[in-house]
Structures are given as C-alpha cells and as structure tokens.
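In: Give me the fold of what follows.
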Amino acid sequence: MWRDSRLQLLLAIGSLTVMAGAVLAPNLPELIHQLHFEPGIAGTLVSLHFLTVAISLPLLGILADSIGALPVLIPSLIFYAGFGMAGAAMDSLVPLMITRVLLGVATGGLTAASLGLVGKLYRADARSQVLAYVASTISLANIVYPLLGGWVGSFHWQWAFYLYGVGLPLAALSLLLLRDGAADQEVAGAASPPGSEIAGELLPDVAIAPLRSNLFLLLRHPHTVGLLLALGLTSGTVYTSIVYVPLYLRTALGTSTLLIGIILASKALGATIISAFGVRPLVKAWGNLGAIALGYGVMAAALITIPHLQQISLILPTALLFGMGFGIVVPSLYGLLADQAPLQLQSSILAAGTGAGFLGQFLFPILFAPVFGQVGITGVFYTAAIVALGAGSLIIVRLSQQRANPLHSKR
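Out: Numbers count the residues shown, from 1 in each chain. Sure thing, here's the model as predicted:
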C-alpha cells in the first residue's frame, strides 16, 4: 500500500495543513522587526488561518460530497499556493492577515477533499492502515516544516512564503493521479464488508435520525464538554508557545531563524517519540489519571522554565520535554473522547475534538496579546503554565466524577 502513488500524493497534500503555520512561525520575529508590527497582534498571523479552516472545512466537505472531491481539491491547492505566496508581497498587517484568512479557506478545502478521496480509495482494514500513515505523516511534518521554514527564512524571511508554492505541482499531480475514474476504485483486497457502507447509502433516514439525536446529547454531556474544553485549552497553550518561544529566543538571546526552527521541531519530535513509545506503558502503569497529570505537569514545568534559560543547550531539551508532555496529554484526551461515544459516532466525536483544538489554536494568541502587553513575555509563559495546570485539573476532576457516575455508551 505504501508504494501506491495515490497514497503518497494524498499524504503530501494532507501535510500542507501543518505547513500553513509551521513555516511562518520561525520567521515571525524577523517579520515583526522588518514590518514594525506589534508582537502581540502579529502573533495572530501564525494562528489566524485556523479559524477559517475550522469554518470552511465542513462546508467544503459538503461541497466535495455534492460535486466530487477532485473539483474541490484542485482549486484549493492552486489557491493555497497563490494566497500563501502572496504574503511575501505584503508590507502591512491588514493585507497580510487577509492572505492568511484566505489561506485557511484553501487549507480547509484541500483537507476536506483529500479526506474524501481517502474515504473512496481506501476502505475497511486498508483505511485503518492509511489513517496510521496519516498520523505518522502529520508528526513528521511538524518536525520537518519548522526546520525547512527556518532554513529558508535564514536567507530572507520573505522566501519562506514561497514554500507554499508546492501546492501548484501537487495540483498538477492530482490531475494526473486522482482522476475521477481512479478515485472510484478501492485498493485491491480492501473491499468493505457487507453492511459497512456509508449510512446515507445504506440506511434510511429514520435510522440515521437517532444517531444525530444521540450525537447532540453526547456533545452536551458534562464529561464530553470537559474533554472538548481541555483539548481546546491544551492546543491553544501549545500554539501560544509556538508564537512566543521564537519571540523570546530572538529578543532575549539573538537566536538565528534556523536555530529557532530546530527548537520548534524538537517539540514535535518529543511529542512523536512519547506518542509512539511511551503513552501506552504510562497509561498501563499509572492509569489515565496519572498519565494525564504527568503530561500536564511536564508541560507546565517546561513553560515556567524556558524564560529563565539563557543557553540554547538547555532550552533545546526543555522544549523536547514540553513536546513529550503534550504527546502524553493529547492522545490520552482523544482516547477518552472516543470512549465517550458508540462506534457509530466515533468520526463525529473525534471531529468535534479536532474542531475544539483548531479553535483553541486560533483564540489563544489573541487572548495572550494583552497579557504580553501588560506583563511581558515571562508573564505569557507563566500564564500558559497556569492554563495547562487548569486544564489538567479539569480533566482529573471530570474523570473522578465519571468513575463515580459513568456515561454508559453502547459500543
């Protein structure tokens, strides 16, 4: 399956969601310096596209189901390249923000369309394997793109925007490899078992209606609300660090753009390592409560420590530890969220968790801008640590309540 050129292309397209913010973050300090932006407001540039991704993704997903995934994918890739590269020509905040908003819409389109194509091309057991490849690709992209953005930006910060141009060759390849006839074919040997077809194709409306009602009730349940809130707080805290760690490194230590990219990549590396090899043993040994408490504790300790470090040799391992804490918390939260829902609602409930994460990543840089203005960058790190500890406390309390009064879900 890995040698399937269509799969390789879809994985490359999916990684563009990470690229949208990852290549800009290492260059944010230089961009602020050259264009004379306020740091608190300029930090929103890195996260602004998440809002329009969250809004446009479900809408463009419906459109892809109506007219086909490919007619949505190709324009989205072209617009991704165009709006992304246009940022290099902007010399004031508002036009640059407009390009970021439009980049988010294009990102939502390519994400929705590529997921739709995965649904058509890979079914049953094959789809599970593909999702594992997708998760690995996203983790790798979170390591590679900050490094790439930092390296290209070390020559000139504007050059990093031209990396978005990769959308153009990917659009051309999509025309060649993902034609409608090919998109309707499944991977060999991966036929769906009887009864596993999409609900809209197999089940009457009367059978679908109770699922919609159950989803609404599930999303309103206090335990689900607590998990969604924790995911938003956690993702927002992490993305705030992505914005303010480069500012601290440049203003306090004079760190180069390339080295900033390496430090940001170390967070993703820590999350990848612990997610792959450490979460399951931790949960088995300490339980969900212990693992989550450890993860949030590590995140908070790293956030408090970073603004007091003056040597890159100490900041690098601290950033790695922060990523490991994040890598413990988020898979555990998604696992708990999945446990809240029956099998029929797994996709919907996990999509709600993803949306909560996107919303947190958009809102937190905005909310932290006045914090930065009032108490400076050290206060930002302290506040983020408090938010991480608050999110951890929320989940621990909710888990304790759930053990006392569990939410019964028919699996």
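
In: Of all the residues in the helix or strand hosting Thr240, which ones are buried?
Out: Following DSSP states H and E, one finds Thr240 within helix 222-253. By neighbour count on 16 or more other Cβ atoms under 10 Å, the buried set for helix 222-253 is 223-224, 226-250. C-beta: built from backbone N, CA, C; applies to glycine.

In: what's the model's confidence in the host helix or strand of Ala352, averaged?
Out: Per DSSP H and E, Ala352 falls inside helix 346-404. For helix 346-404, mean pLDDT is 81.

In: what about Ala338, how many neighbours?
Out: 17 (other Cβ atoms under 10 Å).

In: what about it, distance to Arg398?
Out: Separation of Ala338 from Arg398 (Cβ to Cβ, to the nearest Å): 15 Å.

In: same thing with Leu93?
Out: 40 Å.

In: Neighbour count: the two, which is higher?
Out: Neighbour totals were compared for Leu93 and Arg398, and Arg398 leads with 19 against 16 (other Cβ under 10 Å).

In: Spit out the contact partners of the more buried one.
Out: 222-223, 226-227 (Cβ atoms under 8 Å, 6 or more residues apart in numbering).

In: So what does Thr111 have for phi and psi?
Out: Dihedral pair for Thr111: phi -70, psi -50, per degrees, to the nearest 10.

In: thought it was touching Thr17?
Out: Yes - Thr111 lies in contact with Thr17 (Cβ atoms under 8 Å); the separation is 5.5 Å.

In: Quickly list what's touching both of these two.
Out: Joint contacts of Thr111 and Thr17 (Cβ under 8 Å, 6+ apart) are Val53.

In: tell me the contacts of the nearest residue to Val283 once chain neighbours are set aside?
Out: Leaving aside its chain neighbours, Val283 sits nearest to Ala291 (4.9 Å; criterion: Cβ to Cβ, 6 or more residues apart in numbering). Contacts for Ala291 (Cβ under 8 Å, 6+ apart) come out as 279, 282-283, 328, 332.

In: Among the residues you listed, which one sits closest to Gly21?
Out: For the contacts of Ala291, the residue nearest Gly21 by Cβ to Cβ is Ile328; the value is 22.6 Å.

In: now the angle between helix 346-404 and whichever strand or helix holds that closest one, please.
Out: Here Ile328, judged by DSSP H and E, is contained in helix 312-339. On the basis of axes from the mean of the first three to the mean of the last three Cα atoms, to 10 degrees, helix 312-339 is oriented at 90 degrees to helix 346-404.

In: Flag every buried residue along helix 312-339.
Out: 312, 315, 318-334, 336-339.

In: same deal with stretch 362-379?
Out: Buried, per 16+ other Cβ under 10 Å, within stretch 362-379: 362-366, 368-369, 371-372, 377-378.

In: and if you look at stretch 144-155?
Out: Those buried within stretch 144-155 under the rule 16+ other Cβ under 10 Å are 144-154.

In: what's the burial count for Lys284?
Out: 9.

In: nope, Leu51 is what I was after
Out: Leu51: 19 neighbours (other Cβ under 10 Å).

In: Run through the residues that contact the spatially closest residue to it that is not a sequence neighbour.
Out: Using Cβ to Cβ, 6+ apart and skipping the chain neighbours, the partner closest in space to Leu51 is Phe362 (4.2 Å). Counting by Cβ under 8 Å, 6+ apart, Phe362 touches 47-48, 50-51, 54.

In: what residues does the strand or helix carrying Val18 touch?
Out: Under the criterion of DSSP H and E, Val18 resides in helix 16-22. With contact meaning Cβ under 8 Å, 6+ apart, helix 16-22 is reached by 46-47, 49-50, 53, 77, 80, 84, 103-104, 107, 110-111, 138, 141-142, 145-146, 149, 163-164, 166-167, 170, 239, 242, 264.

In: domains in this protein, as residue ranges please.
Out: Here the domain parsing of the chain from automatic domain parsing is 1-187, 202-403.

In: Give the residue spans of the stretch 51-200 of the chain that score low on pLDDT.
Out: 65, 119-120, 122-136, 139, 180-200 (pLDDT under 70).

In: again, only using 90
Out: 51-70, 87-94, 96-97, 108-151, 153-158, 177-200 (pLDDT under 90).

In: No more questions from me, cheers.
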